[in-house]
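A.B. asks: Need the 3D shape of this:
(chains A, B and C)
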Amino acid sequence: MKKLILISAFIVITAASLIMILANGSNNKNTADNILQEKPKEETKSCCSSGEGEKTSGSFTANSIYQINSVWKNQFGNEINIGDLKGKTQVFAMIFANCTYACPIIANDMRRIEESLSSDELKQIQFTLVSIDPERDTPEKLKQFAKDQNLNFARWQLLTGDRSDIDDLAALLGFRYKKENDGSFSHSNIITILNKEGEIIHQQVGLNQDIANTLNIIKNHNKQGV
Amino acid sequence: MKSKKILIVCTIFFSMWFLLTSCEENKSAEGLQNIEATLTHAPYVPPPINRDYPAKVKVELEVRELVGKLSDGVEYTFWTFGGEVPGKFIRIREGDEVEFHLHNHPSSKLPHNIDLHAVTGPGGGAVSSFTTPGHTSVFNFKALNAGLYVYHCATAPVGLHIANGMYGLILVEPEEGLPPVDREYYVMQSEFYTEGNYGAKGFQPFSMEKALDENPDYVVFNGSVGSLVGDKALKANTGERIRLFVGNGGPNLVSSFHVIGEIFDLVYQEGGMEIKQKNVQTTLVPAGGSAMVEFEVDVPGEFILVDHSIFRAFNKGALGKLAVSGPDNKIIYSGKVSDEIYSGVNDQFGSIDPATGKYRKNEEKAFSPEFANEAARNDYSSLAETANSSPREDASSKGDLASMGKSIYQRTCFACHQSNGEGIPNVFPPINNSDWIKKNGKAGMITAISNGLKGELTVNGNKYNNIMPPQQLTDKQMAAVLTYVYREINNSSETVTVDDVKKYKTGDLLSRK
Amino acid sequence: MKNPIKIILLILFSSFFIFAGKPQTDISRMSLIPAGIYTPLYVDDTTDQNINVESFLIDKYPVTNKEFLKFVTENPKWRKSEVSKLFADDSYLIYWKNDTELGPDVNPGAPVTNISWFAAKAFANYYGKRLPSTAEWELAARADEKSANGYKNPEYVSKILAWYSEPTSASLPDVGSSNKNFYEVYDMLGLVWEWTSDFFNALVTGESRGNSGIDRNLFCGSGSVGATDFTNYPAFMRFAFRSSLKGNYTTSNLGFRCAKDIK
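C.D. replies: Numbering: from 1, shown residues only, chains lettered A, B, ... in the order given. Below you'll find the model as predicted:
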């Protein structure tokens, strides 16, 4: 009975939304043009690895974390706009290179995910680590960290940026961290899966977790994306 | 503006679609019927569960912070699960899968959560249900164990949240259900700590000092003084069987729950299902615990519910009533049948003290050994023997030290260094055949245990970088555990004595190399 | 179907975090808080975790409805109909009549509430300020009327506790109507909760297995393990409150004030 009601509501709403969309089609175009004009200099970032520059446009979905529009440096010292991450499924975590315990394990957990995916699947996936320790984590330092952890730069990138941007990202991901007086950080251990639009579709919390569920979610998303 | 409408419509569209598909999934995946739980305010209890199969039960509970009546003319700010103290009664069945929605009303000053003692999982749901004002948290759990359980808010400072009224009961019925009774009621005891003393009028803030002293001004049933008297007394008819679900929210006191003039035919002790004690006068209900009591009411009248720590009942409010109506039963209880003169002559217990003119107890007779029977004497002598021998942890022989060491090892060291001292690769170093121990010896180990160890170290060629916290052990315990480590884990004949421990334990943090 | 949505999103987000012509900061309504040491509620006893706080400026009053209205008027992307749900949840400015009007029932001089951390941060940036860190905020709030450290005064502590124990009142009074402290900062404790820049350093998460010092269990009895002061209930409550938040959360008793470096 309940289901019937739901279904009928569903149909009514579908119809209503279709009608509204048709009715407003032209209007929206105008608005879009206005906005595009208003938009500030939208420099096309010379992105290094992805080769998908055309996808790095300024438009993001309502739940895309790429709306924060911040600029970072990768392990090669190249500038990366957070929006450049769009277009690939992201396996994403926040770490600091001087971390002796949790962060190598997080990197290792992400590598376990990497190793469990086929090369075909991996084509659509990028592994991104963002530093929470910009004072010490220079691009060189991050590059060294990556080498120590055997991370493959074809798929991995390590980013460092401004404290304020790090905080924005942390707040969006629900990542909690605190600087300790010895220079280290206490922090959440979270691996976030972002879909190609930059929306959070899954978070794996903790260290050395079973990755089966995370893998399923990545694979399913990949399939949808094709 | 229009664009926004579309956005809203689309959002609804998608959420409906999602809802629909996810519902379908729920059903097909688990095959469970979806049910919305009926929750009741005290003293009422939701109806018995008549299902003989588990279901997916949705429970919705709203946290409200509200000013209310603690006693006549006394106001208090209650933090509540469902608008009243105690929180709403939740009734589910063993094997049910519960989808718990905890709403924190926007007017709340504080975040809250819920720790259900019926939940098997970290914090009883406390972590997953931590909810800021104006938000809702959802978490799922499966009711694995039948019984009557307390739930409460567990947000820090937890004592304050409980003291302000955040507790209630959740009943997980066993698969076969509870035996039918005529009436069921929900009674929960708790204390309140107010700035003003009992009865002081007006708004009373929480007194942290009294709470820390565990010295409440109010000990009450169902959230306020007088919540179960007069019109609000529990009702029953003669010949009926009553079941009371009794909880104790605390935060501090243990209740000696008693119904004056009744004997509990059956008590499910501490709210568990296994031990059903018969013919109980007073049952203990621990803070954060419960009991189910059953009895038949045979005669009419008022039966008083009390905490038999009786000053609480008389002076602090821990008093309720069960009003039973119906015909008298003179055989079970006659009422007063006569009232005659009693002169009190031939007094064998006391006599008038000429100095004070008051009755004084007669001198006690001296203790005569013949009163004590054989068995009692035997008990005493065996007791005396035990007292003269050394307690176990005082054992000084090396073998005993090692056995005492074993239990300390299992308590203190085992989690990291593992049962045979093999450690965990790359995380915690081994302590069997460890070159570090060979090199640093007793002094090294004693210093490590008493002061902790931090930073990189190399053991048998492998690097470790972790923290070993200082261990709180007495000198003797340390000597024992180290002797155990030497003898049992390293097959050595080495012994560590208390003197060794005294000598080395003040050493500084070990060198990190 | 997809196109209109994209366009709407474009409208909403195309100009985030872009500030045209920042207004001048007015520091006459700020107080100087001298350098000091803040001991966090929870410390790891293996290291010294006292935090040295440099001297800084802090607003004397929480930001008001009127002030925030001016901000959203000048920054349309932070209007309630425009803001992304990622940056402010559904109850963002929920009590305002509409995007640019408070409506007759809202007191313009009362602290603005139902604002997110992202919104508060954007406001502060726009005026050349920033949010105070938790350490800074706590240092400023520690002062009672007569001294820099009111936590030694049991009356002050019980006064705070009493305020925390009250449900949020339906309407808030003007800023400046509750306590004025030693530094001439008003309403730190007694009017609304306030955002701090690093609220997320209250480390309580859903996880219990991590081993980075983050698995601090705030709940139940373990909430007192490692605490520097078991009796500082107000500190526990603020810690719990911050722990329960996310960056886009808004609640009816949570506002903010700004801080600024001394240069």
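
A.B. asks: how's chain A carved up into domains?
C.D. replies: Chain A resolves into domains spanning A:1-39, A:56-225 when parsed by automatic domain parsing.

A.B. asks: Does anything pack onto the strand or helix carrying B:Leu70? Which helices or strands?
C.D. replies: Using DSSP states H and E, B:Leu70 maps to strand B:55-71. For strand B:55-71, the packing partners by 3 or more Cβ pairs under 8 Å, 6 or more residues apart in numbering or on different chains; DSSP states H and E come out as strand B:33-36, strand B:74-81, strand B:90-93, strand B:97-104, strand B:218-221. Yep, even glycine has a C-beta here, placed from its N, CA and C like the rest.

A.B. asks: From the contact counts, what lies against whichever helix or strand C:Val157 is part of?
C.D. replies: Per DSSP H and E: C:Val157 is located in helix C:154-165. When contacts are defined as 3+ Cβ pairs under 8 Å, 6+ apart, helix C:154-165 packs onto helix C:233-243.

A.B. asks: How about the helix or strand following the helix it packs on and chain A, touching?
C.D. replies: Counting by DSSP H and E, the next helix or strand C-terminal to helix C:233-243 is strand C:254-255. No. For strand C:254-255, no contact with chain A is found by Cβ under 8 Å from any Cβ of the partner chain; the gap never falls below 14.4 Å.

A.B. asks: burial of the residue of chain C at minimum distance from chain A, as a residue count?
C.D. replies: Nearest residue of chain C to chain A (Cβ to the nearest Cβ) works out as C:Gly247 at 2.8 Å. Neighbours of C:Gly247 under the rule other Cβ atoms under 10 Å in any protein chain shown: 25.

A.B. asks: what's the answer for B:Val498, then?
C.D. replies: When neighbours are counted by other Cβ under 10 Å, B:Val498 comes out with 16.

A.B. asks: what sits against it?
C.D. replies: B:Val498 makes contacts with B:Asp475, B:Lys476, B:Ala479, as judged by Cβ atoms under 8 Å, 6 or more residues apart in numbering or on different chains.

A.B. asks: Could you measure from the second one over to chain C?
C.D. replies: Here the criterion is Cβ to the nearest Cβ, to the nearest Å. By it, B:Lys476 lies 25 Å from chain C.

A.B. asks: Would you report the backbone torsion angles of that residue?
C.D. replies: With angles defined as degrees, to the nearest 10, B:Lys476 sits at phi -70, psi -40.

A.B. asks: Phi and psi next, for the residue of chain C closest to chain A.
C.D. replies: phi -60, psi -30.

A.B. asks: After the helix holding C:Val157, heading C-terminal, what element do we hit next?
C.D. replies: Remark: after helix C:154-165, the chain's next helix or strand is strand C:193-194, criterion DSSP H and E.

A.B. asks: Can you tell me which helices and strands that following strand packs against?
C.D. replies: The helices and strands touching strand C:193-194, judged by 3+ Cβ pairs under 8 Å, 6+ apart, are strand C:254-255.

A.B. asks: how does it look with 10 Å?
C.D. replies: Counting contacts by 3 or more Cβ pairs under 10 Å, 6 or more residues apart in numbering or on different chains; DSSP states H and E, strand C:193-194 is packed against helix C:233-243, strand C:254-255.

A.B. asks: Can you give me the buried ones in the longest one?
C.D. replies: Yep, that's helix C:233-243 we're talking about. For helix C:233-243, burial by neighbour count (16 or more other Cβ atoms under 10 Å in any protein chain shown) applies to C:Tyr233, C:Pro234, C:Ala235, C:Phe236, C:Met237, C:Arg238, C:Phe239, C:Ala240, C:Phe241, C:Arg242, C:Ser243.

A.B. asks: so the residue of chain C closest to chain A makes contact with A:Gly174?
C.D. replies: Yes. Using Cβ atoms under 10 Å, C:Gly247 makes contact with A:Gly174 at a distance of 8.2 Å.

A.B. asks: Between the two, which contacts overlap?
C.D. replies: C:Phe200 (Cβ atoms under 10 Å, 6 or more residues apart in numbering or on different chains).

A.B. asks: and the strand holding B:Leu70 with helix C:154-165, angle?
C.D. replies: Angle of strand B:55-71 versus helix C:154-165, following axes from the mean of the first three to the mean of the last three Cα atoms, to 10 degrees, is 130 degrees.

A.B. asks: Now strand B:55-71: buried residues?
C.D. replies: B:55-57, B:59-66, B:70-71.

A.B. asks: farthest pair in those residues?
C.D. replies: B:Lys56 and B:Ser71 (41.8 Å; Cβ to Cβ).

A.B. asks: How are the helices of chain A distributed by residue range?
C.D. replies: A:2-38, A:102-115, A:119-122, A:139-148, A:163-173, A:212-225 (DSSP state H).

A.B. asks: tell me what the fifth one is packed against?
C.D. replies: If I follow you right, that is helix A:163-173. When contacts are defined as 3+ Cβ pairs under 10 Å, 6+ apart, helix A:163-173 sits against strand A:71-73, strand A:89-95, strand A:125-131, strand A:156-159, strand A:177-179, strand A:190-194, strand A:200-205, helix C:117-126.

A.B. asks: Same question for the third one.
C.D. replies: With contacts taken as 3+ Cβ pairs under 10 Å, 6+ apart, helix A:119-122 sits against helix A:102-115, helix A:212-225.

A.B. asks: Count the residues that sit near C:Glu101.
C.D. replies: So C:Glu101, with other Cβ under 10 Å, has 11 neighbours.

A.B. asks: mind checking which helix or strand it is in?
C.D. replies: Assigned by DSSP H and E, C:Glu101 falls within no helix or strand.

A.B. asks: where does the stretch 151-263 of chain C dip in pLDDT?
C.D. replies: For the stretch 151-263 of chain C, the stretches flagged by pLDDT under 70 are C:203-231.

A.B. asks: about what we covered before: most neighbours per residue, which of the domains of chain A?
C.D. replies: Compared across these, domain A:56-225 shows the largest average neighbour count, a mean of 19 (mean count of other Cβ atoms under 10 Å in any protein chain shown).

A.B. asks: Now do the buried residues in stretch B:183-200.
C.D. replies: Buried residues in stretch B:183-200, counted by 16+ other Cβ under 10 Å: B:183-195, B:198.

A.B. asks: Reformat these as JSON lines; add pLDDT and secondary structure.
C.D. replies: Listed next are these as JSON lines, based on pLDDT from 0 to 100; DSSP: H, G, I helix; E, B strand; the rest coil:
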{"residue": "B:Arg183", "pLDDT": "96", "secondary structure": "strand"}
{"residue": "B:Glu184", "pLDDT": "96", "secondary structure": "strand"}
{"residue": "B:Tyr185", "pLDDT": "97", "secondary structure": "strand"}
{"residue": "B:Tyr186", "pLDDT": "97", "secondary structure": "strand"}
{"residue": "B:Val187", "pLDDT": "97", "secondary structure": "strand"}
{"residue": "B:Met188", "pLDDT": "97", "secondary structure": "strand"}
{"residue": "B:Gln189", "pLDDT": "97", "secondary structure": "strand"}
{"residue": "B:Ser190", "pLDDT": "97", "secondary structure": "strand"}
{"residue": "B:Glu191", "pLDDT": "97", "secondary structure": "strand"}
{"residue": "B:Phe192", "pLDDT": "97", "secondary structure": "strand"}
{"residue": "B:Tyr193", "pLDDT": "96", "secondary structure": "coil"}
{"residue": "B:Thr194", "pLDDT": "95", "secondary structure": "strand"}
{"residue": "B:Glu195", "pLDDT": "92", "secondary structure": "coil"}
{"residue": "B:Tyr198", "pLDDT": "91", "secondary structure": "coil"}
